[in-house]
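Student: Dropping a prediction and its sequence here:
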Amino acid sequence: MTLFSSSEVSFQKFPVVRLNSENRACIVITQLAGVQRYGQQGKVTILKRGDTTLIDSGRPWSSDCGGDCARLYLRLPYFLMEGRLELNPIPIARRISGASGLGTILFSLSTALFRQAEDLSSEEGAAAVEAYLKILSACVGDSEDASRNRGGSNLLRRRIATYIESHLPDTDLGPVKIASAMGISVRHVHRVFSSKGCSVADWIRERRLRQCHSDLSDPHLRRKSITEIAFFWGFNDSAHFSRSFKEKFGICPRVFRTHAWADSRAVNRLIQRHDVLSRQNVRYLQPS
């Protein structure tokens, strides 16, 4: 996590950096002071103090500052964030307001992580980062939901999705069980998902893979084997799980787990790099 500040009008273009899937980053930008415009792939967002946005390091982007500005940059592994979110690809250059709700909590946690990094143990740092990622994921999801038109079919879809989410470990989970629980026909269940361009089985597999992705990146579950995690979330064949995981995330479960733990430690070290805070910049981190 790095702090940048500027007291002059500036415009910067950041060219695409050719990285492989393991090094590609999701840049989380938190605005600490001033008004700043960020653009990527034809999308433009304007941030003021407290706001947050996401940028894909694998694509060109720009930043336009009109005066006294300061912001925090946090680089997170793209494949890690992609697995955390309900959305693919990650929504870029979209403003997450820090004026109220979870956005306010996200901003407070961002600045607190930066201020208190030196006082956190490795375990505390890992827990703080995990909390930050969960809130960030929720904020991104809320932002995406706000941009969608919510109708009756969407309400039913969300009810079904909630049921699936709470029954993922059930190996018998499928259209028949879902239809019975929702009080609708099996055909209706299939129709709800066909409007999303996927089958019921596709959705269940997707959610199971993302839960496995989350657990495999959690250092607190290091004592659980990959097979145990996969079977807990409803898979019943290790080879099939490995193939599905690699097809979804572009990396096999074992290699992903190794990188995820290393990235967790790396993020912790980045947060602990407190030396970039000069005395004149500390004011940006004080509550307004």
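Tutor: Perfect, I can see it now. Not measured: the values here are computed from a predicted model.
Student: what's near enough to touch Leu85?
Tutor: Leu85 makes contacts with Ser137, Val140, Gly141, as judged by CB atoms under 8 Å, 6 or more residues apart in numbering. Just so you know, the C-beta spots here come from the backbone N, C-alpha and C atoms, and that holds for glycine as well.
Student: Tell me the most packed of those residues, by neighbour count.
Tutor: Val140 (25 neighbours; other CB atoms under 10 Å).
Student: From the contacts of Leu85, which land in helices?
Tutor: Using DSSP state H, the members of the contacts of Leu85 that fall in helices are Ser137, Val140, Gly141.
Student: what residues does stretch 243-261 touch?
Tutor: Contacts for stretch 243-261 (CB under 8 Å, 6+ apart): 21-22, 77, 79-80, 82-83, 205-206, 209, 212-213, 216-217, 219, 222, 226, 230, 235, 241-242.
Student: Point out where the protein drops to low pLDDT.
Tutor: By pLDDT under 70, the low-scoring segments of the chain are 1-22, 83, 86-88, 142-154, 195, 262-288.
Student: what number of residues lie near Ser110?
Tutor: Going by other CB under 10 Å, the residues that sit close to Ser110 add up to 23.
Student: I misspoke; the intended subject was Ser194.
Tutor: The number of residues packed near Ser194 is 11, by other CB under 10 Å.
Student: Which parts of this structure are helices?
Tutor: 78-84, 101-116, 122-146, 152-166, 175-182, 186-194, 200-216, 226-232, 238-249, 253-271.
Student: Please name whichever of those is nearest to Gly66.
Tutor: helix 101-116 (20.5 Å; CB to CB).
Student: roughly how far is the closest one from the heart of the chain?
Tutor: Helix 101-116 sits 16 Å away from the centroid of its parent chain (CA atoms, centre = their mean, to the nearest Å).
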